[in-house]
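>>> everything below, folded, please.
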Amino acid sequence: MIKPGSAAISAPQADEVVAVLDSVARSQAVPLQVIGRDIRFREGAASRDGQAFTVADEEYRTALIGTHQAANGATAVGAVEVLRARGFNVPREAMRVGLASAFWPGRLEVLPGDPLILLDGAHNGESALRLCEALKALFPERPRVVVFAAKENKDVAATLRGILPAADVLILTRSADQITQPPEVLAPYVLQAGFTGFMVVQPDLSVALRNARTLAAPRGLICVTGSLYLIGEARTLLALEPNRPAPPGYSFPL
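From the prediction side, this is the model:
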């Protein structure tokens with residue numbers, strides 16, 4: 001919501017969305033800045049350790065991975081710059097430290113080891129596409145086993161269309177709370193999406209993760225995705241503390 005007396009910062013948007021934001025901002029007499037239009041922004045190098053980007057010739061890096069995090073980081077920088085202009089003393093070095101230490105559990109969260117494990121709560125077509133892009137760009141050499149579950153009220157077809165191009169093996173499963181759908185209900189969506197890889201139906205997530213480890217082999221990657229409920233249960237099974245990254249020396253506990 002854009003309120004009178006505030007300032008508005010937006011991440012890059014489609015032209016029709018920007019037109020609506022401009023109209024609302026004008027109606028509230030609020031200055032609107034859009035990253036990439038009003039604030040110079042450029043994506044930098046992407047790696048498994050984070051995403052670099054530049055805002056108005058200042059270089060930053062966020063620990064969050066995926067090229068889409070460049071725009072997110074730039075939006076955060078833009079918001080802080082507005083605060084700085086209004087008298088808040090936020091050193092740029094503090095901004096850099098904050099971005100470089102950012103942690104978001106279940107959002108392209110990588111657990112070290114062989115095989116690698118990646119947790120991402122992609123539960124719609126757009127987020128699944130971003131996940132697929134990141135997997136292909138950052139882990140091109142690793143066979144990928146996708147462990148997937150989804151709630152009934154989500155667009156399962158679009159989510160699967162987004163992620164399946166990055167999957168060599170697909171394991172359909174379910175969270176123990178049964179908020180997500182039975183995996184056999186998901187199977188027809190997989191076939192409709194044209195997936196031709198190896199598919200396993202395993203409703204017990206702990207068994208699914210053990211199967212994934214076997215199928216991924218030591219140099220593969222396990223990607224758990226499709227539902228934040230699934231991610232939460234997976235983090236518990238994988239002995240991860242809430243809101244904390246995997247500790248040094250982490251190994252697969254199952």
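
>>> against Glu133, how distant is Asn124?
Distance of Asn124 to Glu133, given as Cβ to Cβ, to the nearest Å: 15 Å. The C-beta positions use only the backbone N, C-alpha and C, and glycine is treated the same way.

>>> repeat for Val145
Taken as Cβ to Cβ, the span from Val145 to Glu133 is 18 Å.

>>> repeat that for Glu241.
Applying Cβ to Cβ to Glu241 and Glu133 gives a distance of 29 Å.

>>> repeat for Glu93
Counting by Cβ to Cβ, the gap from Glu93 to Glu133 is 31 Å.

>>> same question for Ile179.
On the measure of Cβ to Cβ, Ile179 and Glu133 end up 28 Å apart.

>>> thinking again about what came up before, of Asn124 and Glu133, who's got more company?
Glu133 (17 against 14; other Cβ atoms under 10 Å).

>>> A helix includes Arg235, no?
Yes. Counting by DSSP: H, G, I helix; E, B strand; the rest coil, one finds Arg235 located in a helix.

>>> how confident was the prediction at it?
pLDDT, Arg235: 97.

>>> buried residues in the helix or strand hosting Arg161, which are they?
Element membership of Arg161 [criterion: DSSP states H and E] is helix 156-163. Buried residues in helix 156-163, counted by 16 or more other Cβ atoms under 10 Å: Val156, Ala158, Thr159, Leu160, Arg161, Gly162, Ile163.

>>> what do you get for stretch 45-65?
Quick answer for stretch 45-65 (16+ other Cβ under 10 Å): 46, 50-55, 60-65.

>>> list of residues touching that stretch?
35, 39-44, 66-67, 69-74, 77-78, 92, 95-96, 99-104, 107-108, 110, 134, 137-139 (Cβ atoms under 8 Å, 6 or more residues apart in numbering).
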